[in-house]
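Just the structure for this:
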Amino acid sequence: MTQERVEEALERARLRDAIGTLSEQERRELAETMVAEMAEGRELPGEFNEQLLDAMLGALIAGKRSEREILGSGGVLGELTRRLVERALQEELSDLVPWVTPRPARRAVD
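Sure thing, here's the model as predicted:
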């Protein structure tokens, strides 16, 4: 293991420990800040993006047991597909008509 890898692992452990000491409100504020940065187009470290995506997918399918709940049109995949298409169309429309403001996001399927 290289020295760089060791330092990265130590930094991640320190960060995990620091986040663990935050109150629920502080963690919520941190998460909201990170989401806002992503929404503004700021890039976050690639590894973080991957971990965030994995965590979000895990939360979306938690408790879902049937193929229909996950893959059905009213399930997780259907909801993700709908929101992805809406977002892509909104971006396209925003490029064509800059004064159009995005609608608030719908609540995800439970």
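
Break down the chain into its helices, ranges please.
3-20, 24-39, 46-61, 67-71, 76-96 (DSSP state H).

Include mean pLDDT and mean neighbour count when you put these into JSON lines, please.
Any C-beta I mention is one placed from the backbone N, CA and C, and that applies to glycine too. Putting the helices of the chain into JSON lines (pLDDT from 0 to 100; neighbours: other C-beta atoms under 10 Å) gives the following:
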{"stretch": "helix 3-20", "mean pLDDT": "81", "mean neighbour count": "10"}
{"stretch": "helix 24-39", "mean pLDDT": "84", "mean neighbour count": "11"}
{"stretch": "helix 46-61", "mean pLDDT": "81", "mean neighbour count": "12"}
{"stretch": "helix 67-71", "mean pLDDT": "90", "mean neighbour count": "13"}
{"stretch": "helix 76-96", "mean pLDDT": "88", "mean neighbour count": "13"}
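
Can you get me a residue count around residue 40?
Using other C-beta atoms under 10 Å, residue 40 is surrounded by 7 other residues.

OK, contacts around it?
For residue 40, no contacting residues are found, by C-beta atoms under 8 Å, 6 or more residues apart in numbering.

Roughly how far does it sit from residue 33?
Distance, residue 40 to residue 33, using C-beta to C-beta, to the nearest Å: 11 Å.

what do you get for residue 53?
Residue 53 is 18 Å from residue 33, by C-beta to C-beta.

With residue 89 instead?
Taking C-beta to C-beta, one finds residue 89 at 28 Å from residue 33.

what does residue 93 give?
28 Å.

again with residue 66
Counting by C-beta to C-beta, the gap from residue 66 to residue 33 is 36 Å.

Likewise for residue 3?
31 Å.

now residue 15
15 Å.

same question, residue 75
31 Å.

Equivalent analysis for residue 16, please.
When residue 16 is compared with residue 33 (using C-beta to C-beta), they lie 18 Å apart.

same deal with residue 6?
Distance from residue 6 to residue 33, by C-beta to C-beta: 29 Å.
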